[in-house]
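Need coordinates for the below:
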Amino acid sequence: MMAKYLILIKDAIAELLGQKLRTFLTMLGMIFGVGSVIAMLNIGEGAENEALKLIDSMGVNNIIVNARDYEKEELSEIREESLGLNLGDVNAALATLPFVEGYSASKNIDVYDMYSDFNKSQAQALGVTVSYFTNANMQLSAGRFLTQQDDDKISQLTVLGANTANELFTGTNFSAEEMLGQYVKINHVWLEVVGVLEAPAGNKNEFQGVQIGGDRYRVFVPLSVSTQKFSSDILASELDSIKLNIAKGTDPVVAAKAIDSLIKLRHGGLDDYSLIIPAALLEQQKQTQQIFNIVMACVAGISLLVGGIGIMNIMLANVMERTKEIGLLRAVGATQDDIRQQFIAESFTISVLGGLLGIFFGLVLSEIIGFYSGWAVSWSGTAIILSLSICMLVGVGFGVFPAIKASKLNPIDALHSD
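Down below sits the predicted model:
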């Protein structure tokens, strides 16, 4: 049976090669349709992977609390009711909310000068708790993270983000290990480099409109150093950001409401902070991506439908042109089933060849779109399998009617046709 089908495919290819231009023009609909499916799914999967990486840096089981920015006059009024974000808020959450298992916190440093012996940098500086690095899923390229002992002793040490390290040591050809032990000066404070971070995957620092990253462009010091070695506005809050670790199995939305109520109570009922729920952002991203996929699938489906109609059209034309051939085949003993199989094989072959070219076109198209748009692209095996499967269905489905019409031609009338 398999040998029979292989012969049918071989004969179909030979027939199609006899009319190369017509065959290629017929396949264009399939090429563009499949290409658009491949490109859409590749870009969609790339966006989903990028979202997962960004969410991973925030922690899907975390609730992030950020201090709001205000003008000085407005901030003076707010400070009459609220001290702003502080470690007291963290301690209260740990003491009263059983689902809060840990935390990390950070304080922005007002930087007016940052340089090493080799170059300057415009990087952002943060004072952080020792848990900040693990909460953000950071990885070291060399050295170590800051420790609790560093914080307790107010040690003037720093961990550099990947891009900041490269910028501060431009022209030195230092490896990450060779940067350890070097000194960086921020404002008036000299800091010894004890760690260099790996560059995180991707290049986006924003997710669903929320600024979440940029750690590659940062310098990290112990929180005690940021509060005691660097000056800040007297009205500024003790902390700029808090990340609370929520127990697994806890509904993050419910947890966020409880945290919001607690902090608002401690802040005199003022909303001088904002809450970010990474799990909710991820769900929103999935919904947005699903809508995008549905829309693009409809567009791609229309292209494939047009391609299928083109195949049916050309196969009907083939039936008309090959009427005498069909009559001769019937006269020498070919059955109606043989004729049907021959034309379905040709239709199937056109669609599969178009699909294979479409896969190549789609992979190239997705890479071009990703290159010029900056979007992440991931190759999807599902997209390739799905596209080929659809091509096979289209080839068979749209080839059935012309095949039936060819098989029902009267042999005598076919032989006498002009």
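
for the record, mean pLDDT for the lengthiest helix in the chain?
If you go by DSSP state H, the chain has its longest helix at helix 278-321. Per-residue pLDDT over helix 278-321 has a mean of 77.

Show me what whichever helix or strand comes after it packs onto, helices and strands only.
Sequence order places helix 323-331 as the next helix or strand after helix 278-321, per DSSP states H and E. When contacts are defined as 3 or more Cβ pairs under 8 Å, 6 or more residues apart in numbering; DSSP states H and E, helix 323-331 packs onto helix 336-373, helix 411-415. Any C-beta I mention is one placed from the backbone N, CA and C, and that applies to glycine too.

pLDDT below threshold where in the stretch 51-200 of the chain?
51-59 (pLDDT under 70).

before we move on, the earlier item: could I get the helices and strands packed on helix 323-331 as CSV with mean pLDDT and distance to Gly46?
Formatted as CSV, the helices and strands packed on helix 323-331 follow (pLDDT from 0 to 100; distance: least, Cβ to Cβ, whole Å):
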stretch, mean pLDDT, distance to Gly46
helix 336-373, 83, 7
helix 411-415, 62, 53
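
Could you chop the protein up by domain?
2-54+284-415, 69-109+237-271, 111-231 (automatic domain parsing).

Can you check the distance spanned by the shortest one, start to finish?
Pointing back at domain 69-109+237-271 there. 11 Å (Cα to Cα, to the nearest Å).

what do you get for stretch 89-102?
Per Cα to Cα, stretch 89-102 runs 13 Å from first to last residue.

ok, now stretch 240-249?
First residue to last in stretch 240-249 (Cα to Cα) measures 28 Å.

Identify each buried residue in it, please.
Neighbour counts over stretch 240-249 (16 or more other Cβ atoms under 10 Å) mark Asp240, Ser241, Ile242, Lys243, Leu244, Asn245, Ile246 as buried.

Could you do stretch 113-128 as well?
Met114, Ser116, Ser121, Ala123, Gln124, Ala125, Leu126, Gly127, Val128.

which one of the residues you listed sits closest to Phe371?
The closest of the buried residues of stretch 113-128 to Phe371 turns out to be Ala123 (Cβ to Cβ; 27.8 Å).

The nearest residue to that closest one once chain neighbours are set aside: neighbour count?
Spatially, and ignoring its direct neighbours in sequence, Ala123 is nearest to Thr164 (4.1 Å; Cβ to Cβ, 6 or more residues apart in numbering). When neighbours are defined as other Cβ atoms under 10 Å, Thr164 has 26 of them.

Val219: what secondary structure?
strand (DSSP: H, G, I helix; E, B strand; the rest coil).

from memory it sits against Thr164, does it?
Yes. Look at Val219 against Thr164 with Cβ atoms under 8 Å: they come within range, at 5.7 Å.

my guess is Val352 meets Leu393, correct?
No. Contact between Val352 and Leu393 fails when scored by Cβ under 8 Å: they sit 10.9 Å apart.

is it true that Ala236 lies in a helix?
No. Read with three-state DSSP, Ala236 is coil and lies in no helix.

ok, it to Asn91 distance?
20 Å (Cβ to Cβ, to the nearest Å).

got it, and Arg79?
Taking Cβ to Cβ, one finds Arg79 at 20 Å from Asn91.

which of the two has more neighbours?
Arg79 (17 against 11).

separation between the more buried one and Glu238?
From Arg79 to Glu238 the distance is 12 Å (Cβ to Cβ).

And the closest residue to Asp110 other than its chain neighbours, how far from Arg68?
With sequence-adjacent residues excluded and distances taken as Cβ to Cβ, 6+ apart, Asp110 is closest to Ser232, at 6.3 Å. Distance, Ser232 to Arg68, by Cβ to Cβ: 16 Å.

Report the contact partners of Ser303.
Gly29, Phe32, Gly33, Ser36 (Cβ atoms under 8 Å, 6 or more residues apart in numbering).

could you redo the last one with a cut-off of 6 Å?
With contact taken as Cβ atoms under 6 Å, 6 or more residues apart in numbering, Ser303 is in contact with Phe32, Gly33, Ser36.

By neighbours, which of those wins?
Neighbour max across these (other Cβ under 10 Å) = Gly33, 29 neighbours.

orientation of the helix or strand harbouring that one relative to helix 336-373 in degrees?
In this structure, Gly33 sits in helix 20-58 according to DSSP H and E. Helix 20-58 and helix 336-373 are oriented at 50 degrees to each other (axes from the mean of the first three to the mean of the last three Cα atoms, to 10 degrees).

What are the buried residues along helix 20-58?
23, 26-48, 50-51, 53-55, 57-58.

Which parts of the stretch 1-150 of the chain are helices?
2-17, 20-58, 72-79, 87-96, 132-135, 148-152 (DSSP state H, counting those that start in this stretch).

what's the closest of the ones you listed to Ala345?
helix 2-17 (4.0 Å).

so who does the closest residue to Ile339 other than its chain neighbours touch?
Residue nearest to Ile339 in three dimensions, not counting chain neighbours: Ser407, with 4.1 Å by Cβ to Cβ, 6+ apart. Contacts for Ser407 (Cβ under 6 Å, 6+ apart) come out as Gln336, Ile339, Arg340.
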